[in-house]
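S.K.: Sequence unavailable; structure follows:
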């Protein structure tokens, strides 16, 4: 039997609104559909050090608000950070990205991410102001 494994790579641009969590699940599933993905593995990587990725509940927006608040408690902007060249929210953003993820590995089944019923893929913007963030996507499978 011939190996039908293939690979597709690409990028998605995400405009953030400042400190927030943006659900990018539909956009990623759309990218998978454009590339006729079947079953395999998707890697999502964010190309920034002050934003991150997570898979989290997508039903109750209070979950995202509480998570953002918890991250702010763990890395507050008011602390005296040594690195403050880009403002008081810069170093806390770096700490928050270390505490979360910059890449995710997600199974793909029948052309869609195999997420749970209440799960979504989020870009977490840790800075106070919006930025243009870039995600690199790599699908391997059939």
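M.R.: Thanks, I have it. Not measured: the values here are computed from a predicted model.
S.K.: Just list the residues touching residue 54, thanks.
M.R.: Going by Cβ atoms under 8 Å, 6 or more residues apart in numbering, residue 54 touches 21, 67, 100, 101, 104, 121, 122, 124. Bear in mind the C-beta positions are built from the backbone N, C-alpha and C, glycine included.
S.K.: farthest-separated two in these?
M.R.: 67 and 104 (15.7 Å; Cβ to Cβ).
S.K.: any idea which of the contacts of residue 54 is closest to residue 7?
M.R.: Using Cβ to Cβ, residue 104 comes nearest to residue 7 of these, at 17.1 Å.
S.K.: Could you tell me how many residues sit around the closest one?
M.R.: Here the count is done by other Cβ atoms under 10 Å, and residue 104 has 19 residues near it.
S.K.: roughly how far apart are it and residue 76?
M.R.: For residue 104, the distance to residue 76 equals 26 Å [Cβ to Cβ, to the nearest Å].
S.K.: which strands and helices sit next to the helix ranked longest in the chain?
M.R.: Ranked by residue count and defined by DSSP state H, the top helix of the chain is helix 61-74. The contact analysis (3 or more Cβ pairs under 8 Å, 6 or more residues apart in numbering; DSSP states H and E) places helix 61-74 against strand 20-23, strand 51-57, helix 90-99, strand 119-125.
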